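A.B. asks: pasting the structure only:
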Ligand code: ADP
Ligand code: MG
C-alpha cells in the first residue's frame, strides 16, 4: 500500500499541452477512478504515474518518494491494460509467473504467489491453458493475476473492462471491487464510463481537456456537482439544464425560465434577483400534476419498472427534457404535461461561468 501524490503535474507532447497543472492526493489503500471523455488525458496521466511517460512539469510521489526519474520497474506498481497484453505462446501459469521470474524470484515463492492469485481469481483449473483457449473474461482475469502476483503498492488499470460485453463487464466490476476489499492496495482506475467510476471507486476524479473538474466521493459529485460539466457527466440519463433568470416568487427565491414557467428554489438559497442562471434537474425529480412546468410529450419509453419520457418545453430553444418516473405510465406524443419539481432536487449554476451557486 502507498499514497500517491500529484503536485502541479503537466504534460506536453511537443507543442501540444495535454495535461495542465494536475494536483491530487490519493490516500493509501483508496480506490480512485479517473473518468472523463475520450482524449481528456486519463491514460497519459496513468502512464506518467506508471513511469511510461516523462513528466513535463510538476512532481509525482509514490509513498512520499519523488519518482519523476525512477524507472517504471522500480516504482512498485503493476498496470493492467485494456488490451491485456498476454504472451500468446505462454500458458496462464507462465504468463502470471513471468514478471516474478525476470526479477529472479525464487521458484517456491513464484509457485506460491501464482497459486494464491489463481485461487483468488478462480483460475486454478485453467493454469495450463494458453490465452487463445480462454474467453474474454478469463483473459481479463489472467491480466489481473499477472498484476496481483507482484503484490505492488499501487495497481494501475487502464479501461480493463472495455473489451468485454455488457453482462461480463458488470460481473467483473464487482469482482475487481471485491478484490480491492480483499487486497487493500491502492488502486487507480481509468475509465470513460461514469457508471463504472461511481460504482467502484471511493474517490472519483472527473477530468476534461487535460484538467481536473472535480474530485470527491461518488455521491458528493452526484449531489453537489461543482459545475454544469460534472453535473451532466455524472448520472444517467444526464441532468437537464434549463436557462432563466432569478426572481422572487411568493416571497421565496425562484427562477423564471425563458419560456415563462417558474421553478421555485430551496428557501435557503440566497441569490440576487435578475441573475442569469442555469437550473439543473435530474430526470427523477419530476412528478405529474400541480401548476408547475408545462411540457409536451415527444416520445415515451416504457422500460418495464420505469417510464422515460422525452418532452418539449414552451421555450423551444431549450433542449428537450428527459423525465424518469418509477412507474408505468400512459403518455402519447403530443400530450400536454404539467410537472411539479421536487424543490430539494434543484441545482443552480451561473449561466455564464457554469459554476455551482450555493
Ligand atoms: P484518454 O485516455 O483520456 O482518452 P489520452 O491520455 O490517451 O486520453 O490522450 C490525451 C491527449 O493526448 C489526446 O489528445 C491524444 O491525442 C494526445 N496524445 C496521447 N499520446 C500522445 C503522443 N504520444 N503524442 C502526441 N499526442 C498524444
Ligand atoms: Mg485512454
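C.D. replies: Okay, I see it. On a predicted model such as this, the values are computed, not experimentally measured, just so you know. Ligands and ions are numbered 1, 2, ... in the order given.

A.B. asks: Which strands or helices does the longest strand along the chain pack on?
C.D. replies: What stands out as the longest strand in the chain, according to DSSP state E, is strand 286-302. Packing partners of strand 286-302 (3 or more CB pairs under 8 Å, 6 or more residues apart in numbering; DSSP states H and E): strand 307-313, strand 321-325, strand 336-341. C-beta coordinates here come from the backbone N, C-alpha and C atoms, glycine included.

A.B. asks: how does it look with 10 Å?
C.D. replies: Secondary-structure packing of strand 286-302 (3 or more CB pairs under 10 Å, 6 or more residues apart in numbering; DSSP states H and E): strand 262-264, strand 307-313, strand 321-325, strand 336-341.

A.B. asks: What are the buried residues along that strand?
C.D. replies: Neighbour-count burial for strand 286-302, counted by 16 or more other CB atoms under 10 Å, picks out 286, 292, 293, 294, 295, 297, 300.

A.B. asks: Measure how buried residue 235 is and give me the count.
C.D. replies: 18 (other CB atoms under 10 Å).

A.B. asks: Sketch out the helices for the protein, chain order is fine.
C.D. replies: In the chain, the segments counted as helices under DSSP state H are 42-50, 92-101, 107-120, 136-148, 166-183, 194-200, 218-223, 228-233.

A.B. asks: Out of those, which gets nearest to ligand 1?
C.D. replies: When the helices of the chain are compared by CB to the nearest ligand atom, helix 42-50 sits nearest ligand 1, at 3.2 Å.

A.B. asks: ok now that closest one, how far from the chain's centre?
C.D. replies: Centroid separation between helix 42-50 and its chain, computed with CA atoms, centre = their mean, to the nearest Å, is 16 Å.

A.B. asks: quick check, it touching ligand 1?
C.D. replies: Yes: judged by CB under 6 Å from any ligand atom, helix 42-50 comes into contact with ligand 1 through 42, 43, 44.

A.B. asks: and that helix, what does it pack onto?
C.D. replies: In terms of contacts (3+ CB pairs under 10 Å, 6+ apart), helix 42-50 is packed against strand 4-13, strand 16-26, strand 31-35, strand 57-62, strand 77-80, strand 154-158, strand 186-191, strand 203-208.
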